[in-house]
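Participant: Have a look at this fold, sequence not included:
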């Protein structure tokens with residue numbers, strides 16, 4: 001299927017310099033203004049257009065550079081999702097997200113439940129769809145050392161056999177999909193458990209990285225853990241990152257999950273955690289976001305509905321969470337861990353209900369991403385035939401007197417000159 005534009009369907013407005021408004025109840029008006037200034041400073045660049053004097057110009061954003069993503073369940077590619085739902089899932093995904101992560105498809109325990117019986121079909125199906133639609137995909141994960149998630153046959157191996165099996169998986173998987181995954185989580189949730197290190201020693205994570213690079217020399221390997229943004233495991237995570245960097249493990253980025261809050265979250269603690277992690281000068285992604293989260297009554301007591309008031313609170317919480325992250329210079333993406341009740345481990349955290357009707361959170365999310373943080377402009381060049389537009393980093397269509405050009409405005413460059 002052809003890719004739909006990552007944008008809201010709305011009529012272009014007059015020239016707009018769009019800023020975000022953060023509804024943070026714990027902050028005063030001055031701090032709200034500071035949040036807006038931060039977003040304007042770190043998320044926008046300059047588009048300079050040169051054409052004839054007084055030429056009619058339309059600037060239309062088509063995609064964000066910042067990752068606004070979501071997890072893709074196995075059911076999208078394994079035949080378990082009904083065709084009507086699959087069509088809706090694909091359409092709604094492309095309307096709302098510009099990046100993705102495999103929810104379960106890449107996990108060793110999912111791919112190779114029985115020794116030697118490796119199933120690549122689900123990964124292939126997901127990758128084919130994301131590539132067709134220009135969606136960068138994270139591979140989650142190469143290894144996961146929490147003992148309860150490790151297959152029995154792996155635990156039965158001798159130490160030598162285990163190390164060989166790890167090497168074989170690292171080299172084989174990354175070579176098979178060389179250049180196709182944007183990045184991988186190397187060894188998931190090591191703060192909470194590391195069976196492989198307990199068995200094979202403290203240098204096994206570095207070996208995992210080296211073997212993965214053997215399969216794909218351009219690979220990007222990320223860390224990923226939970227209860228970090230709450231502050232509960234932040235010191236341990238930072239100590240672990242320091243240790244891995246000291247060992248010269250090639251860490252490309254820091255993944256922090258967004259599950260471990262309740263119906264609300266601590267705004268100040270979220271920003272504090274991001275500030276603390278930023279000292280490593282590595283990109284940060286919120287890799288697995290849900291609201292309400294894993295400490296909410298809805299998850300703990302398996303409550304599958306929200307009241308109207310709770311739906312409105314969910315929308316406010318989502319806007320605040322995203323705004324704090326978007327306003328932070330070290331963060332380059334937020335990935336939901338499900339957006340539809342039919343494929344989400346915390347169903348009430350979804351943007352869309354089981355029948356695909358949107359929740360207030362869906363409307364709030366779309367307003368934030370495609371209106372508050374979106375650049376559309378209709379104006380004219382000056383008497384010298386020049387025009388400068390402040391715009392969010394991303395992809396654009398620039399039309400001057402009916403002639404159109406597609407351009408990128410990357411954060412790395414900060415500005416782009418378009419001549420007609």
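Facilitator: Looks like it came in fine. Note that the structure is predicted; figures quoted are calculated from it, not measured.

Participant: can you pull out the helices in the stretch 251-400 of the chain?
Facilitator: 267-277, 297-300, 308-326, 360-367 (DSSP state H, counting those that start in this stretch).

Participant: Grab the nearest non-local neighbour of the residue nearest the centre of the chain.
Facilitator: For the chain, the residue lying nearest the average C-alpha position, counting by CA atoms, centre = their mean, turns out to be residue 335 (3.1 Å). The spatial neighbour of residue 335 that comes closest, neighbours along the chain excluded (CB to CB, 6 or more residues apart in numbering), is residue 69 at 4.0 Å. From N, CA and C alone the C-beta is placed, and that goes for glycine too.

Participant: That neighbour belongs to a strand?
Facilitator: Yes: assigned with DSSP: H, G, I helix; E, B strand; the rest coil, residue 69 falls within a strand.

Participant: what sits against it?
Facilitator: Neighbouring residues of residue 69 by CB atoms under 8 Å, 6 or more residues apart in numbering: 97-101, 138, 333-336.

Participant: would you turn those residues into JSON lines with distance to residue 255 and pLDDT?
Facilitator: Putting these into JSON lines (distance: CB to CB, whole Å; pLDDT from 0 to 100) gives the following:
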{"residue": "97", "distance to residue 255": "17", "pLDDT": "98"}
{"residue": "98", "distance to residue 255": "18", "pLDDT": "98"}
{"residue": "99", "distance to residue 255": "13", "pLDDT": "98"}
{"residue": "100", "distance to residue 255": "14", "pLDDT": "98"}
{"residue": "101", "distance to residue 255": "10", "pLDDT": "98"}
{"residue": "138", "distance to residue 255": "9", "pLDDT": "98"}
{"residue": "333", "distance to residue 255": "10", "pLDDT": "98"}
{"residue": "334", "distance to residue 255": "11", "pLDDT": "98"}
{"residue": "335", "distance to residue 255": "9", "pLDDT": "98"}
{"residue": "336", "distance to residue 255": "14", "pLDDT": "98"}
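
Participant: show me what contacts the residue lying closest to residue 169 once chain neighbours are set aside?
Facilitator: Setting aside the residues directly before and after it, residue 169 is nearest to residue 108 in space (CB to CB, 6+ apart), at 6.2 Å. Each residue near residue 108 by CB under 8 Å, 6+ apart is listed here: 142-144, 150-151, 154, 169.

Participant: Please identify which pair of the residues you listed lies farthest apart.
Facilitator: For the contacts of residue 108, with distances taken as CB to CB, the pair at the greatest spread is 142 and 151 (14.6 Å).

Participant: Which among the contacts of residue 108 count as buried?
Facilitator: With neighbours counted using 16 or more other CB atoms under 10 Å, the contacts of residue 108 contain these buried positions: 142-144, 150, 154, 169.

Participant: looking at it, residue 311 is touching residue 357, isn't it?
Facilitator: No: applying CB atoms under 8 Å as the test, residue 311 and residue 357 come out as separate, 11.5 Å apart.

Participant: When these two are compared, which one has more neighbours?
Facilitator: For residue 311 against residue 357, the residue with the higher neighbour count under other CB atoms under 10 Å is residue 311, and the figures read 14 against 9.

Participant: so can I have a markdown table of the buried ones among the contacts of residue 108 showing distance to residue 113 and secondary structure?
Facilitator: Shown next, in a markdown table, are those (distance: CB to CB, whole Å; DSSP: H, G, I helix; E, B strand; the rest coil):
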| residue | distance to residue 113 | secondary structure |
| --- | --- | --- |
| 142 | 17 | coil |
| 143 | 16 | strand |
| 144 | 14 | strand |
| 150 | 11 | coil |
| 154 | 10 | helix |
| 169 | 14 | helix |
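
Participant: which of the residues you listed lies closest to residue 186?
Facilitator: Looking at the buried ones among the contacts of residue 108 and their distance to residue 186, the nearest is residue 142, at 5.6 Å (CB to CB).

Participant: who's in contact with that closest one?
Facilitator: Taking CB under 8 Å, 6+ apart, we find residue 142 in contact with 106, 108, 169-170, 173-174, 184-187, 208, 212, 221.

Participant: one more time with 7 Å, if that's ok
Facilitator: Listed by CB atoms under 7 Å, 6 or more residues apart in numbering, the contact partners of residue 142 are 170, 173, 184-187, 208, 212.

Participant: Same question for residue 313.
Facilitator: Neighbour list for residue 313: residue 263 [criterion: CB under 7 Å, 6+ apart].

Participant: Would you mark the buried spots in stretch 248-265?
Facilitator: Within stretch 248-265, the residues that qualify as buried by neighbour count (16+ other CB under 10 Å) are 249, 251, 253-265.

Participant: so which pair among those is furthest apart in space?
Facilitator: Distances among those were taken as CB to CB; the most separated pair is 249 and 263, at 36.8 Å.

Participant: quick one on the thing from earlier: the contacts of residue 142 in helices, which ones?
Facilitator: 170, 173, 208, 212 (DSSP state H).

Participant: Would you format these as JSON lines with neighbour count, pLDDT and distance to residue 395 included?
Facilitator: As requested, the ones in helices among the contacts of residue 142 are exported to JSON lines (neighbours: other CB atoms under 10 Å; pLDDT from 0 to 100; distance: CB to CB, whole Å):
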{"residue": "170", "neighbour count": "25", "pLDDT": "98", "distance to residue 395": "34"}
{"residue": "173", "neighbour count": "24", "pLDDT": "98", "distance to residue 395": "31"}
{"residue": "208", "neighbour count": "23", "pLDDT": "98", "distance to residue 395": "35"}
{"residue": "212", "neighbour count": "25", "pLDDT": "98", "distance to residue 395": "30"}
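
Participant: Distance to residue 406 for those - can I get that in CSV?
Facilitator: What follows is the ones in helices among the contacts of residue 142, written out as CSV (distance: CB to CB, whole Å):
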residue, distance to residue 406
170, 38
173, 34
208, 40
212, 34
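
Participant: Those: which two are farthest apart?
Facilitator: For those, the maximum inter-member distance is 11.4 Å, found between 173 and 208 (CB to CB).

Participant: bridging residues for the residue nearest to residue 335?
Facilitator: The residues listed as beta-bridge partners of residue 69 by DSSP bridges are residue 99, residue 335.

Participant: Now do it against residue 333, distance only.
Facilitator: Taking CB to CB, to the nearest Å as the measure, residue 69 and residue 333 are separated by 6 Å.
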